[in-house]
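K.L.:
Quick one: sequence and predicted model below, then my questions.
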Protein chains: 2
Amino acid sequence: MTNTAQQNELANAIRSLSMDAVEKANSGHPGLPMGCADIATVLFTKVMKFDPANPHWADRDRFILSAGHGSMLLYSSLYLLGYEDMTIDQVKNFRQIGSKTAGHPEYGHATGIETTTGPLGAGLGNSVGFAVAEAKLAAEFGADLVDHYTYVLAGDGCLMEGISQEAISLAGHLKLNKLIVIWDNNNITIDGKVSNADSTDQIARFKAVGWNTIEIDGHDQDAIEKALNDAKKSTDKPTLIAAKTTIGFGAPKKSGTEKVHGAPLGAEELAGAKQALGIDYPAFEIPAHILESWRAAGTRSQNVRGEWEARLAKSDKRDEFTRRMSGKLPADFAKAMAEYKQKLAEDKPKVASRKASQMALEVINKAVPETLAGSADLTHSNLTNTPETVPFQADNRLGRYMMYGIREHEMGAAMNGVALHGGLIPYGGTFMVFTDYARPAIRLAALMEVRSIFVMTHDSIGLGEDGPTHQPVEHLTALRAIPNLLVFRPADAMETAECWELAMEAKHPSILALSRQNLPAVRTDYSAENRSAKGAYTLVGPADADAVIFATGSEVAIAVEAHKELTEKGISARVVSVPSMELFAKQSDAYKAEIIGSAKARVAVEAGIEMSWNKLLGDKGRFVGMHSFGASGPIDALYAHFGITPKAVVEAVTTQL
Amino acid sequence: MTNTAQQNELANAIRSLSMDAVEKANSGHPGLPMGCADIATVLFTKVMKFDPANPHWADRDRFILSAGHGSMLLYSSLYLLGYEDMTIDQVKNFRQIGSKTAGHPEYGHATGIETTTGPLGAGLGNSVGFAVAEAKLAAEFGADLVDHYTYVLAGDGCLMEGISQEAISLAGHLKLNKLIVIWDNNNITIDGKVSNADSTDQIARFKAVGWNTIEIDGHDQDAIEKALNDAKKSTDKPTLIAAKTTIGFGAPKKSGTEKVHGAPLGAEELAGAKQALGIDYPAFEIPAHILESWRAAGTRSQNVRGEWEARLAKSDKRDEFTRRMSGKLPADFAKAMAEYKQKLAEDKPKVASRKASQMALEVINKAVPETLAGSADLTHSNLTNTPETVPFQADNRLGRYMMYGIREHEMGAAMNGVALHGGLIPYGGTFMVFTDYARPAIRLAALMEVRSIFVMTHDSIGLGEDGPTHQPVEHLTALRAIPNLLVFRPADAMETAECWELAMEAKHPSILALSRQNLPAVRTDYSAENRSAKGAYTLVGPADADAVIFATGSEVAIAVEAHKELTEKGISARVVSVPSMELFAKQSDAYKAEIIGSAKARVAVEAGIEMSWNKLLGDKGRFVGMHSFGASGPIDALYAHFGITPKAVVEAVTTQL
């Protein structure tokens, strides 16, 4: 320990608040805040660039607490630095309903929380997206406007999760030199010593994927400062700072053990820790001179920010930069889409909805320069590319296409990071069945309500011969189950255009579930109104029909064919296309009643399982779809084999009449 | 190329069949079988121990094609080796409905397919479980009965997926020296060169996690053989053999490019490839002398197997070994559980269902020596440990507890590998919200129908302060959506015991969704019948009640309390506990009608989303549960905040009457 008394005082303020908040909540994780207080002190009072009075400053450095259970480290620091919304009362209300100080940092609860973390590895995964966004925007707008670092604090848990490898190998490949990860190397996990479950040489591991590495004593503030400043000088590699720490630093009996990880210290141990650390002030009462030092540190980048504001004010890129960071779409986006939809009404293309997606993207990527495209190594299957999408690489920061590699989880996490950074709208593709790999990231996008757009092609047994491992069956239901997530399954090129419009305009993340197989145009007239916006609408048939058939995506054409056959039999039927159940659920009761109607026969057809349809089907409705995993075979044979046919729909109708 | 003409002939038989099958199916992946034919030839004709005439021989070496898209490599080899069920007609029916030769290898379709692969990294993930099972069974039963290797063929896709890091770091930590991974190092992924998306030094990466590494020319059969034999000599490390190959080896224009990865060669390129390789025989017609060489190789371990059978016959461990490998539970399992349930009826413990699970496991682990316990670093939260579960480690192969580390996905994949190997019944725990991390493995367990038991604790907002990142909300629905998966949510200690019994006896994988919070005993009488086996049953109340209340897990007590309040109001109600919707769905229509009944009011209460309840609720039923993500706060405050209370249930009932 070579720290000065003042350095210790600053760090102990974090420790003190963290111990007290956990103790008061009788719940939480004191170990990390106590162990990483020196790191946070140096980062926040010496190294990072930010302004608590302007927490959304676009060119601030970002800090990501990937080890989100250590949330009190962040909350304590934000309070000490003077973030207005992080009051001492918030700290005292740690882990209570309605407080900004949730158990894990929740994006949107308080300024200074750059992303929601807690699920391990998530923050590290996001950080690559933050660093990509910084590098790309710097290339677009110049270092005058964009020149900041992304700092991550990650624990052993983060580094053991698979996503960490996806993240660091992508970051190393892309030479994201302004990404700096500090590893809280405390040798402890919940079940005891790291060595119970892992023997990784982390330094060698990071070097193997192209990282700069530095090893330090994580309690030596001068060493921490030097390491961070050295890391900032890296020109072609991201940096890992392996900081040896003691979990629960200061706790006389529990420090260095798993006992201090995730439970309050208890009164006796807490008193002992304070004594050992020299903390002689009451709970939650940081002495004025310590608070003043922290607050002064909080203001130290104000001049830098002022200079930046001046540069922005006189920049010829000001309006565009400001628009981009605000998340607003270009003024002419709607016009471009309207023209495209008029053309579709004329052309009536019979294409796969993944192809229709690419056609829509050709319009979008031209009209909206901030889209950041990508695919997890399935570009020519997902059709996520357009003429604009040259790859983003270490030697081309202006690229608009992320070659994510076979890393679906990291793709999702990086997209969230890009969206959180701002200035770019990420979309990325894989096969829909692999939403399972990316599911933790999709959930976090939904929880944070960020505009990540997941382009999920090959959305049913319609993908054919690849078989059940590649055929989504339960995925539409499983995705519809996630709150705040918009799941779109468009029926043809027109609906695909509409759904893309909605996804681009949404405040939530979106899934676009798209077919591999060609689909006929079922929407052949131009409509100025985005009909998909209500989630479900009558495509064909009279309001008072005897039967109503709900369908989505590739099965809408089957419903339309069934409608034709029913009409020939003299049975009046109505087909309702349901591009988004979530948007339909938000409509008025009157509209819902109109769409559901009171037909005697009610049928839903979708090449997935029934569960998400039961609400619409009610007691008597019948479902035509999947009741098991799929199989390997040609598409037509599969649809026949599993009985997803116009004939089956007709039968499901007629048995009810 | 130093291969002899005969070596080439053998390998070209694989290439020829693979090209022809893909061409005939007009779908599939010729690149890997052509690139890895030399590797497969050496493995199957020189190195591996197996007997096509006895494909289930317990002590066979296992081969796992982690790069499952190269399925024709396996199918060709199985045919050539003489596996009876892999006929030439099966090869000709590649990728057709009902054939054994699905697009990706499907476990159970044909002998010799040890696991279902295709989702990248899955097979590599499984392999660690296979190697663990081998090591543990060898320690239990001796090398006389158990002494075999696990071979994996993995591609760049497998190595880029995050699960690969979880798998190799766990394998290295556990020093699984009999695990040998061959990396098909062909520099190509679907989107082009690996270097587009990855710059990993794989050798350094594997060394960093404790692996032995060997680099070879993957087309030099002598080098391959030497490398494999060297790998087998490793005493304390798993081995990576980095085999430099050319994807689509032999294809004159497309070899070495992504064009040969996932599409038929086309007539011209196919003809050119056959000419270049010297294949002068018709499609699907392997010349007799080549087939004879392969078939002879297929029989070469018959003597070894005979000797093994002789050792087994005279072993005093024969009966136990045979029972264990058959998957049958010990004869006295049912008795032990009956005694335990009688005791529960007396004690009526008020415990969390995770604690009840541990109590059940104390009986199970005593009665069933083949359970292999574990947790992804949450042992004292999941309560997956019992006195028997000493850790399985490099220095204790007799251990019964897998310290999986913070690797949920690999835990699931390894559990599947253990179950597939046979002789052990794996169960493993994490927080239920992290089923999202393990979801691809859970899906594969369901697709394969293997007995992996996932112990998922902290199954709702009832976990409290950790907040929405840790609170499952959509997970019960999302898991129920997976075909073939049994999702259990027991209400008290008795139901937990019953559900554990069902999971142990199941042919499918199971999820046990368990509470963090204490639950009162709602089942206080002993029942010889396992009442949970029907999935749903009337817990309290008359058959002709005016209201029926469905509930699961921690909400059953809320339903019982509501029942009491309704009774006080003079309203007759019936409470139905639904420990497993899947088992209930399998009951007779008569039983279902009896349980659902015709009460005027119908309510379901569950601290998750509504979707999976709509089928039971029908048109008029009402749901009491979650309609959003959760929040951070104490449990009682959360249940009140989200309105999951007896009062809410009572109101939901009375508004319908």
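P.N.:
All right, it came through fine. This one's a predicted model, so the numbers in the text were calculated from it and none came from an experiment.

K.L.:
switch to C-alpha atoms for all contacts and neighbour counts from now on
P.N.:
Fine.

K.L.:
contacts for stretch A:438-449?
P.N.:
Residues outside stretch A:438-449 that contact it (Cα atoms under 8 Å, 6 or more residues apart in numbering or on different chains) are A:106-108, A:115-116, A:119, A:122, A:408-413, A:416, A:435, A:451-452, A:482-485, A:507-509, B:434, B:436-437, B:469, B:629.

K.L.:
Got a ChimeraX select line for the buried ones in those residues?
P.N.:
To isolate the buried members of these in ChimeraX, using 16 or more other Cα atoms under 10 Å in any protein chain shown:
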select /A:106,107,115,116,119,122,408,409,410,411,412,413,416,435,451,452,482,483,484,485,507,508,509 /B:434,436,437,469,629
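
K.L.:
Now, the contacts of stretch A:438-449 that are in strands?
P.N.:
Secondary structure from DSSP state E places none of these in strands.

K.L.:
how close does A:Ile635 get to A:His627?
P.N.:
Note on A:Ile635: its distance to A:His627, by Cα to Cα, to the nearest Å, is 17 Å.

K.L.:
of those two, who's got more company?
P.N.:
The neighbour comparison of A:Ile635 against A:His627 (other Cα atoms under 10 Å in any protein chain shown) goes to A:Ile635, with 18 against 15.

K.L.:
That one - nearest residue in space that isn't next to it in sequence?
P.N.:
Among residues not flanking A:Ile635 along the chain, A:Gly464 sits closest, at 4.6 Å (Cα to Cα, 6 or more residues apart in numbering or on different chains).

K.L.:
and that neighbour, backbone torsions?
P.N.:
The phi/psi pair for A:Gly464 (degrees, to the nearest 10) reads phi 90, psi -130.

K.L.:
same question, the one 4 residues further on
P.N.:
Taking degrees, to the nearest 10, you get phi -60, psi -30 for the backbone angles of A:Pro468.

K.L.:
pretty sure it contacts A:Gly633?
P.N.:
No - using Cα atoms under 8 Å, A:Pro468 makes no contact with A:Gly633, being 9.8 Å away.

K.L.:
Helix or strand: which one has the closest residue to A:Ala414 other than its chain neighbours?
P.N.:
Leaving aside its chain neighbours, A:Ala414 sits nearest to A:Gly129 (4.0 Å; criterion: Cα to Cα, 6+ apart). A:Gly129 is located in helix A:122-141, with elements delineated by DSSP states H and E.

K.L.:
and that helix, what other elements does it pack with?
P.N.:
Applying 3 or more Cα pairs under 8 Å, 6 or more residues apart in numbering or on different chains; DSSP states H and E, one finds that helix A:122-141 contacts strand A:62-65, strand A:150-154, helix A:162-173, strand A:179-185, helix A:408-421.

K.L.:
Would you tell me which one of the ones you listed is buried the most?
P.N.:
Of all the helices and strands packed on helix A:122-141, helix A:408-421 has the most neighbours on average by mean count of other Cα atoms under 10 Å in any protein chain shown, namely a mean of 31.

K.L.:
now it against helix B:162-173, angle please.
P.N.:
120 degrees (axes from the mean of the first three to the mean of the last three Cα atoms, to 10 degrees).

K.L.:
Residue of chain A closest to chain B, please.
P.N.:
A:Gly162 (3.8 Å; Cα to the nearest Cα).

K.L.:
thought that residue was touching B:Gly162?
P.N.:
Yes - shown here, A:Gly162 and B:Gly162 form a contact pair, counting by Cα under 8 Å, at 3.8 Å.

K.L.:
So the residue nearest to A:Ile635 is in contact with A:Tyr639, correct?
P.N.:
No - the pair formed by A:Gly464 and A:Tyr639 falls short of the contact definition of Cα under 8 Å, at 9.4 Å.

K.L.:
With neighbour numbers in mind, choose between those two.
P.N.:
A:Gly464 (28 against 19).

K.L.:
who's in contact with A:His508?
P.N.:
A:445-446, A:449-452, A:484-486.

K.L.:
same thing but 10 Å
P.N.:
A:445-453, A:483-486 (Cα atoms under 10 Å, 6 or more residues apart in numbering or on different chains).

K.L.:
now swap in A:Thr101 and tell me
P.N.:
A:21, A:71-72, A:74-76, A:86, A:89-95, A:109-110, B:632.

K.L.:
Could you pick out the residues of the stretch 201-350 of chain A near chain B for me?
P.N.:
A:201-210 (Cα under 10 Å from any Cα of the partner chain).
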